[in-house]
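Student: the amino acid sequence is not available; the structure is as follows:
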């Protein structure tokens, strides 16, 4: 790929799949506007397909392009493009826009935008603008020149002035990870202003997708009672991770405001190290007694609020069912449950060969266990073989990634 590409020159360029078949033509480029400290990110191309509709082609699916042709992976979502709040079309909305130079206040017109990569495989960002000054009395058109994107007002995310109801409606149509990415480009104050309007459950989902530093800052500005309610709605492992980042006295204040059972689960999780099975596990897996039927087990994992990893299996124990439970007997996998008649007892279909791990098992050993047995979830038991919780594959991956992985631009989040 070229080091620097001017976006206006891409308009009309043919897009091909790896076999050389034409998919369509580029009609525009979509940019994600961000907070003033971050350069705008090019997230994809608008391609007109033979059905004469515009579809979105993420930049992650572009393998090579120049002014004559663009090569894609061939995987294109044919759903009609729907623009989001933080996105702009470069050709349709930004070019020919009047802007001002930050330091002089001079009015200029945006003629073209250059995008570049910091390294091969990285995201594309807007770096340079091609501008024209206002004409003088002696010339009809002013001087044309280049400037860095940060020298000009008009290419940053503007939440102020948007009707709050419209903004919230837009957020409600987005997944929690996408909302977290959208908010990441705002100041903490603006994030709190937006996110505090969400209900507790939705706000908890979004906080789970944010970096630890960001969610600690947001929780600190919510007010102690609201913060306690939201933390209580979070998945136990994520809530414990958040509380570990707070001063012990502040964490205890939140715990005192929670339901006693919820607070006890979190206090127990706080005793384990971050990179251990106990520190990664959730205390709310699907738990049944051995006399439960397959029909009951399938009904339990059919809950739409369950993450896919937790819905993949049912843990069978002696009473009591609340963690730490009675004696752990084994796990019933969803695939096996689907092959059995509804009246069959889960005790007859459990996998007793899948050995659980202890709460102090290290991340390295847990990871090896997942890879060896192709698991999506793993039971955690104490020394008395009582079920404490379950570690899921998404939490393992989360702990393997660097702390700032949510803030890295390379993560493709749009589609």
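Tutor: Yes, it's here. Because the structure is predicted, anything quoted here is derived from the model rather than measured.
Student: name the next helix or strand downstream of the lowest-mean-pLDDT helix or strand in the chain, please.
Tutor: Ranked by mean pLDDT, DSSP states H and E, the weakest helix or strand in the chain is helix 164-172, scoring a mean of 58. As assigned by DSSP states H and E, the chain's next helix or strand after helix 164-172 is helix 176-183.
Student: from the chain's centre, how far out does that following helix sit?
Tutor: With C-alpha atoms, centre = their mean, to the nearest Å as the basis, helix 176-183 stands 6 Å off its chain's centre.
Student: tell me the mean pLDDT for that helix?
Tutor: Averaged over helix 176-183, pLDDT sits at 79.
Student: other SSEs contacting it?
Tutor: Counting contacts by 3 or more C-beta pairs under 8 Å, 6 or more residues apart in numbering; DSSP states H and E, helix 176-183 is packed against helix 188-195, helix 200-208. In short, each C-beta sits where N, CA and C put it, glycine included.
Student: what's the angle between the last one and helix 176-183?
Tutor: Translated: helix 200-208. Orientation check (axes from the mean of the first three to the mean of the last three C-alpha atoms, to 10 degrees): helix 200-208 against helix 176-183 gives 70 degrees.
Student: buried residues, whichever helix or strand comes after helix 200-208. List them.
Tutor: Once helix 200-208 ends, the next helix or strand along the chain (criterion: DSSP H and E) is helix 212-219. Burial within helix 212-219, assessed by neighbour count using 16 or more other C-beta atoms under 10 Å, is assigned to 214-216, 218-219.
Student: circling back: output the helices and strands packed on helix 176-183 as a markdown table; include the columns mean neighbour count and distance to residue 75.
Tutor: Listed next are the helices and strands packed on helix 176-183 as a markdown table, based on neighbours: other C-beta atoms under 10 Å; distance: least, C-beta to C-beta, whole Å:
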| stretch | mean neighbour count | distance to residue 75 |
| --- | --- | --- |
| helix 188-195 | 17 | 33 |
| helix 200-208 | 20 | 28 |
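Student: including pLDDT and distance to residue 235, could the buried residues of helix 212-219 go into TSV?
Tutor: As requested, the buried residues of helix 212-219 are exported to TSV (pLDDT from 0 to 100; distance: C-beta to C-beta, whole Å):
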residue	pLDDT	distance to residue 235
214	88	17
215	90	13
216	92	17
218	92	17
219	93	15
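Student: most widely separated two among the residues you listed?
Tutor: 214 and 219 (9.7 Å; C-beta to C-beta).
Student: which non-adjacent residue is nearest residue 261?
Tutor: Leaving aside its sequence neighbours, residue 261 sits nearest to residue 322 (C-beta to C-beta, 6 or more residues apart in numbering; 7.4 Å).
Student: could you pull up phi and psi at the one you found?
Tutor: phi -70, psi 140 (degrees, to the nearest 10).
Student: okay, it: pLDDT?
Tutor: pLDDT, residue 322: 91.
Student: any idea how many residues pack against it?
Tutor: Residue 322 has 14 neighbouring residues, counting by other C-beta atoms under 10 Å.
Student: distance of it from residue 262?
Tutor: Separation of residue 322 from residue 262 (C-beta to C-beta, to the nearest Å): 11 Å.
Student: same question for residue 247.
Tutor: 20 Å.
Student: which one's more surrounded, these two?
Tutor: More neighbours surround residue 262 than the other of residue 247 and residue 262, with 18 against 8 (other C-beta under 10 Å).
Student: helices and strands around the strand or helix carrying that one, which ones?
Tutor: Following DSSP H and E, the helix or strand that holds residue 262 is helix 260-269. Helix 260-269 makes packing contacts with helix 236-244, helix 248-256 when contacts are defined by 3+ C-beta pairs under 8 Å, 6+ apart.
Student: will you turn the ones you listed into CSV that also has mean neighbour count?
Tutor: Putting the helices and strands packed on helix 260-269 into CSV (neighbours: other C-beta atoms under 10 Å) gives the following:
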stretch, mean neighbour count
helix 236-244, 22
helix 248-256, 15
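Student: and these as TSV, adding distance to residue 284?
Tutor: Converted to TSV, these look like this (distance: least, C-beta to C-beta, whole Å):
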stretch	distance to residue 284
helix 236-244	6
helix 248-256	17
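Student: quick one: which of those helices is nearest residue 312?
Tutor: Of those, nearest to residue 312 by C-beta to C-beta is helix 236-244, at 16.7 Å.
Student: where's the residue nearest the centre of the chain relative to residue 183, distance?
Tutor: Centroid-nearest residue in the chain: residue 177, 2.6 Å away (criterion: C-alpha atoms, centre = their mean). Separation of residue 177 from residue 183 (C-beta to C-beta): 11 Å.
Student: surely residue 367 and residue 396 touch.
Tutor: Yes: at 5.9 Å, residue 367 counts as touching residue 396 under the criterion of C-beta atoms under 8 Å.
Student: the more surrounded of those two?
Tutor: residue 396 (22 against 15).
Student: contact partners for residue 145?
Tutor: By C-beta atoms under 8 Å, 6 or more residues apart in numbering, residue 145 lies in contact with 130-133.
Student: if you set the cut-off to 7 Å instead, what comes out?
Tutor: Going by C-beta atoms under 7 Å, 6 or more residues apart in numbering, residue 145 touches residue 131.
Student: so, low pLDDT: which residues of the protein?
Tutor: Applying pLDDT under 70 to the chain flags residues 1-2, 34-37, 66-67, 85-86, 136-140, 156-173, 185, 402-415.
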